[in-house]
Every structure is written in C-alpha cells, then in structure tokens.
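**Q** Sequence and predicted structure, then a few things I'm wondering about:
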Amino acid sequence: MPPPTVEERLAALEDRDAIRDLIASYGPLADSGNAEAVAELWIEDGSYVVGGMAEAKGRAAIAALLTSETHRALMADGCAHLLGPVVIDLEGDRAVARGHSVVFRNRATGFEVWRVSANRWELVRTADGWRVERRFNAPLDGSYAAQALLGISG
Amino acid sequence: MPPPTVEERLAALEDRDAIRDLIASYGPLADSGNAEAVAELWIEDGSYVVGGMAEAKGRAAIAALLTSETHRALMADGCAHLLGPVVIDLEGDRAVARGHSVVFRNRATGFEVWRVSANRWELVRTADGWRVERRFNAPLDGSYAAQALLGISG
Amino acid sequence: MPPPTVEERLAALEDRDAIRDLIASYGPLADSGNAEAVAELWIEDGSYVVGGMAEAKGRAAIAALLTSETHRALMADGCAHLLGPVVIDLEGDRAVARGHSVVFRNRATGFEVWRVSANRWELVRTADGWRVERRFNAPLDGSYAAQALLGISG
C-alpha cells in the first residue's frame, strides 16, 4: 500500500476532529435542553440505547428522551452530562468511539454522582458530516454488558 | 465559495487543537497553584465570571482568584478542576468553546463533588496564539443562566 | 528558523492526535479488564507509579495491576476510570501530557468518587507509534507531590 497522501492524512485528522466535536456537543446540548439539536447528532433513523432506562429509535424518539419527565427533573434540579474524551477507531466512512459519561445531579445536600456509564458510539459519514448511527450506554454497575461496551471493537 | 485549500484546512485544525490544549491546561495550572500562568491564558484585559463567586477583569484580578483564600483552602484540602472536552465553534480569529467543569474536593470522608458548572469560553487569536477573552462559568443548579451558557451561540 | 512545512505541521497534529487517543484509550481498556492491551500502551520497560498504591516497572508488572485484587474488586462493584483531556507538550520524539483522572466506584448507595489524581505522562515515539514511557499518578490530597505533577515541565 502506498503511504497516505497529504490530502488523505488531512482528511483523517478532520474526521477525527469532527467526531470529537460531535460527541463533545452532546452534553452541552442535553444540559441546555435542546432536544432537537441533540436528535440531529444522530442520523434520521439512528438509535440510542440507554441501559436500564430506554431504547430510542429515530430522531423523534431520541428528542423525546430529552423532553421526558426524567430529563426535565434532572434539569430542574441542575445536572451535567459530562462525557469524557473518547478513543476513536476510524475506518473510511464509519467510526467507533468509546468513552465514559457521568451525570452529576444537584441535590439539597450538594452534587451527587447520579449515573456513571460506558458508551459505545457507532458513527457514519453523511452528506451533512459525521452523525451517530447507534449509541449504546450502560451503567458501570459491575455488569459484563457495560464493560464490554468499552472493549476493543471486533 | 471555492473549497478551502490545504493550507486553510491545516490552519483550522491547528486552531482547534491549540484551543483544546489551552483549555486543557487550565485545570493542571490551577491545581498546581500557578496563578501567573493561569492569568496568561487570558488576554491582558480578559474577564472571568465565576457565577455566584467572583467577577475578575484583567490578568491581575484573574491571578488573584488563584491566590485567594478560597482557592488556597481548596488546594490545601486537595482539589481537581476537571474540565471536560469542549465543543468549539471557530470563526476566523475568534472562537467559542462550551463545556463542563467539575471541582472535586478532598474531605476527611473522601472526595466530594464541590462544584459542577457550565462554561462558555470566548477566545481570540493574538500574536502569541489563542487566548481567552471572556470565560463565563455558572453552577448547574437548575438556573436558566447556567443552562444558557451551554446553548448554541447566536 | 524557517517556518514549518506543511508536512511538519501535519505530522505535529498527527502526533498530538495519536497521544490524545492513546491516553483516551486507557480508561476504556482498564474498565473492560483488558490488562494486556493496557500494558501495551507502555513501552516494554515502561513504568507506572500509582501514588500510595504501587510502582510497576515493565509491561508484565503493569498488566498485573489490572489483574490485581484491588482492580478486580473495583470492576466487580462497577467502576469508571475517567481521564480528563490532557495538555500536551510535544518536542520531537518525546512528549509530556498532564491531566486529571477520577475513579468512580459503584456502591450500594450509589456511585462514589473513589480517587481523584494528578497525572503526568511521559511519552516516546516508537516504531509502533506513540507509547508511554512513564506515567506518574498521585491522589490530589493536598500534597505538594501531586500538585507538582500537574505543573509545567522544566
């Protein structure tokens, strides 16, 4: 295989940068209650599996998670969906990113760590840029399912 | 508009990388007590609004936050100013970055989540590289003001 | 000194991207229990100093940290090794990265903040890409040693 050209190297860095930015935008959008913008991080028929809580398929269902009673109550108390840096495996028009998310919730006694999860993001390049096809989230409660989400993709 | 040149694409990636690095340096500098280096992340007359705590204008005032009794007490107990990844909107010589910050504080009973905030960074390109013009920080306590900092910039 | 060429600028961005990705992979690998892959983030005789807990020298010793009783118990309860973004000082074939790590542990009463640490990563370019030569980790408990790890490298 010939070494990658400058153009190819630049494009790979742009892809990785765009994916990091896309995922970094989830928390700010979620915590500012922008359900529509959150949903548009996904492709039209993308899915979001929130382990133990919900399985949303399609943008309308994903947006509904953000307008749900659970999310509204979190926002009313005060919350932060902190997503850590992700490790990205990029392969052409597809990518997998893995990382943690932590939800902090404001309580009368101070902030509590409300949920700590493993995340696996499956992303695709579209005409509008990188989008999420599937996101799997599962609480790190000792279960193998959550640990496996963080493992190297096969 | 013609497609961006290799030079322009490279420069945009360098800008985004420099902004990420600048913001990633805040926590380590703050938690090692380097008030001067923290202040130099800002332009000379930059500002830092710490919601509910302080409004600092200019490098001397920003450095003073780091030599304050509050910050010294945090460092004496043991603290971490963890700043999550930011989403960056870059436009020429200016940029806006949005993300969370969490301050952990060491207590006799273990680490507590002392403060969880929304952050909006307004950055400018200077002759010495990217610097912060204004940083707005507000605790995510359910208030609209903090949520709005995380929203898409108008 | 002549300005850097496109090739040099691209290579610097690739280096920084690779280092970010390497460090971002630690948490997911640790929390999925992949001791071998964790060890391979280091060079063969790399070292990992976990302040107050362990000093591991060489890949076998580093892998052993991940198969230890301490780490197995953490995983059985449910844990997340969240590593924040790092600030990177790149100099040719070597780099230093500084940042925080937080270990969350699942307890019967919810998630607790089990450990909050300063981290200094010393990295080297190898024929197989960037690897960790030495990682120093120390709990941010008010001690000068931990704070110093986050300070600007001399």
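**A** That came through fine.
**Q** Return the residues of chain A in contact with chain B.
**A** A:6-7, A:10, A:13-14, A:17, A:20-21, A:23-25, A:27-29, A:31-34, A:37, A:75-85, A:104, A:106, A:110-113 (C-beta under 8 Å from any C-beta of the partner chain). Every residue, glycine included, has its C-beta placed from N, CA and C.
**Q** buried subset of the residues you listed?
**A** A:10, A:13-14, A:17, A:20-21, A:23-25, A:27-29, A:31-34, A:37, A:75, A:77-85, A:104, A:106, A:111-113 (16 or more other C-beta atoms under 10 Å in any protein chain shown).
**Q** Keep only those of these that are in strands.
**A** A:79-83, A:104, A:106, A:111-113 (DSSP state E).
**Q** Among these, which ones lie close to chain C?
**A** A:112-113.
**Q** just the ones in strands among the buried ones among the residues of chain A next to chain B now: which is nearest chain C?
**A** Comparing these against chain C with C-beta to the nearest C-beta places A:V113 closest, at 4.0 Å.
**Q** Can you tell me the element the residue nearest to A:A18 when sequence neighbours are not counted falls in?
**A** Nearest residue to A:A18, sequence neighbours excluded (C-beta to C-beta, 6 or more residues apart in numbering or on different chains): A:W130, at 4.9 Å. Using DSSP states H and E, the element containing A:W130 is strand A:129-139.
**Q** what's the answer for A:V116, then?
**A** Remark: A:V116 resides in strand A:110-126, with elements defined by DSSP H and E.
**Q** Give me the packing partners of that strand, helices and strands only.
**A** Judged by 3 or more C-beta pairs under 8 Å, 6 or more residues apart in numbering or on different chains; DSSP states H and E, strand A:110-126 is in contact with helix A:6-31, strand A:94-107, strand A:129-139, helix A:144-149, strand B:110-126, strand C:79-83, strand C:94-107, strand C:110-126.
**Q** Restricting the selection to alpha carbons, write the fifth one to CSV.
**A** Spelled out, it's strand B:110-126. Taking Å, rounded to 0.1, in the frame of the first residue of the first chain, the C-alpha atoms of strand B:110-126 are listed here in CSV:
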residue,chain,number,x,y,z
GLY,B,110,-13.3,11.1,50.8
PHE,B,111,-13.6,13.2,47.7
GLU,B,112,-16.8,15.3,47.3
VAL,B,113,-18.2,16.9,44.1
TRP,B,114,-17.8,20.5,45.3
ARG,B,115,-19.0,22.4,42.2
VAL,B,116,-20.3,21.4,38.8
SER,B,117,-20.5,24.2,36.2
ALA,B,118,-21.4,25.3,32.7
ASN,B,119,-18.6,27.1,30.9
ARG,B,120,-18.6,29.3,27.8
TRP,B,121,-15.2,30.4,26.6
GLU,B,122,-14.8,33.3,24.1
LEU,B,123,-11.4,33.1,22.5
VAL,B,124,-9.4,35.4,20.2
ARG,B,125,-6.3,34.8,18.1
THR,B,126,-3.4,37.1,19.2
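**Q** Tell me the buried residues in that strand?
**A** The neighbour-count check on strand B:110-126 (16+ other C-beta under 10 Å) flags B:111-123, B:125 as buried.
**Q** Tally up the residues packed near the residue nearest to A:A18, please.
**A** Burial of A:W130 is recorded as 25 neighbouring residues (other C-beta atoms under 10 Å in any protein chain shown).
**Q** thought it was touching A:D15?
**A** Yes. Shown here, A:W130 and A:D15 form a contact pair, counting by C-beta atoms under 8 Å, at 6.9 Å.
**Q** which neighbours do the two share?
**A** Shared contacts of A:W130 and A:D15, defined by C-beta atoms under 8 Å, 6 or more residues apart in numbering or on different chains, comprise A:A95.
**Q** Can you list the low-confidence ranges for chain A?
**A** Within chain A, the segments meeting pLDDT under 70 span A:153-154.
**Q** interface residues of it facing chain C?
**A** Residues of chain A lying near chain C (C-beta under 8 Å from any C-beta): A:6, A:9-10, A:13, A:16, A:84-88, A:98-100, A:102, A:112-118, A:139-143, A:146-152.
**Q** ok, now how distant is A:I23 from A:A64?
**A** According to C-beta to C-beta, to the nearest Å, A:I23 and A:A64 sit 21 Å apart.
**Q** do A:F104 as well
**A** In terms of C-beta to C-beta, A:F104 sits 23 Å off from A:A64.
**Q** ok, now A:V49?
**A** 14 Å.
**Q** go on, A:P2?
**A** The gap separating A:P2 from A:A64 is 48 Å, by C-beta to C-beta.
**Q** repeat for A:E14
**A** 32 Å.
**Q** Same question for A:A97.
**A** With C-beta to C-beta as the criterion, A:A97 and A:A64 are 24 Å apart.
**Q** What of A:P28?
**A** Distance, A:P28 to A:A64, by C-beta to C-beta: 20 Å.
**Q** residues in contact with the nearest residue to A:G27 once chain neighbours are set aside?
**A** Closest residue to A:G27 in three dimensions, ignoring its sequence neighbours and counting by C-beta to C-beta, 6+ apart: A:H81, at 4.2 Å. The contact partners of A:H81, by C-beta under 8 Å, 6+ apart, come to A:26-27, A:30-31, A:101-103, B:100.
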